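**Student:** any chance you could fold what I've pasted below:
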Amino acid sequence: MHNINTITDVSADIHAHFWVPELRGKGIGQISILKAGRIFFERWGFERIYAKPPKMNPMSSRLAKKLPVRFLGEQE
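**Tutor:** Got it, this is the predicted structure:
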């Protein structure tokens, strides 16, 4: 699930969740984020994607570092 929390003219604060534990760690998150990113660029004209996952979620940080996005560190 991808939630768009805040939208400006060229960027958004996006939050993604995988609620089913059996699906975690299988690469689905990376594929999902890349496909969603393509939609954000093509449909809504975004110019950049930044990553700043919660510090309490190390899997999100690890995923963000693998993606073609600018990693801004972790949220407190």
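**Student:** and the longest helix anywhere in the chain, which residues are buried?
**Tutor:** Ranked by number of residues, the top helix in the chain under DSSP state H is helix 28-44. Within helix 28-44, the residues that count as buried by 16 or more other CB atoms under 10 Å are 29, 32-33, 37, 40. C-betas here are computed from N, CA, C, even on glycine.
**Student:** quick one: list the elements packing against it.
**Tutor:** On a contact count with 3 or more CB pairs under 8 Å, 6 or more residues apart in numbering; DSSP states H and E, helix 28-44 meets strand 2-7, strand 12-16, helix 58-66.
**Student:** pLDDT on it, on average?
**Tutor:** Across helix 28-44, the average pLDDT comes to 84.
**Student:** what angle do it and helix 58-66 make?
**Tutor:** 60 degrees (axes from the mean of the first three to the mean of the last three CA atoms, to 10 degrees).
**Student:** pull the distance from helix 28-44 to the chain's centre.
**Tutor:** 8 Å (CA atoms, centre = their mean, to the nearest Å).
**Student:** before we move on, what about stretch 41-50?
**Tutor:** 12 Å.
**Student:** CA atoms of it as CSV?
**Tutor:** The C-alpha coordinates for stretch 41-50 follow below in CSV (Å, rounded to 0.1, in the frame of the first residue of the first chain):
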residue,chain,number,x,y,z
PHE,A,41,6.7,10.8,-12.5
GLU,A,42,4.5,10.0,-15.5
ARG,A,43,1.0,10.8,-14.1
TRP,A,44,1.7,13.6,-11.7
GLY,A,45,4.9,15.1,-13.2
PHE,A,46,7.1,14.7,-10.1
GLU,A,47,10.7,15.7,-10.7
ARG,A,48,12.4,13.8,-7.8
ILE,A,49,11.9,11.2,-5.1
TYR,A,50,13.7,11.4,-1.7
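**Student:** show me where the chain dips below the pLDDT cut-off.
**Tutor:** 1-15, 70-76 (pLDDT under 70).
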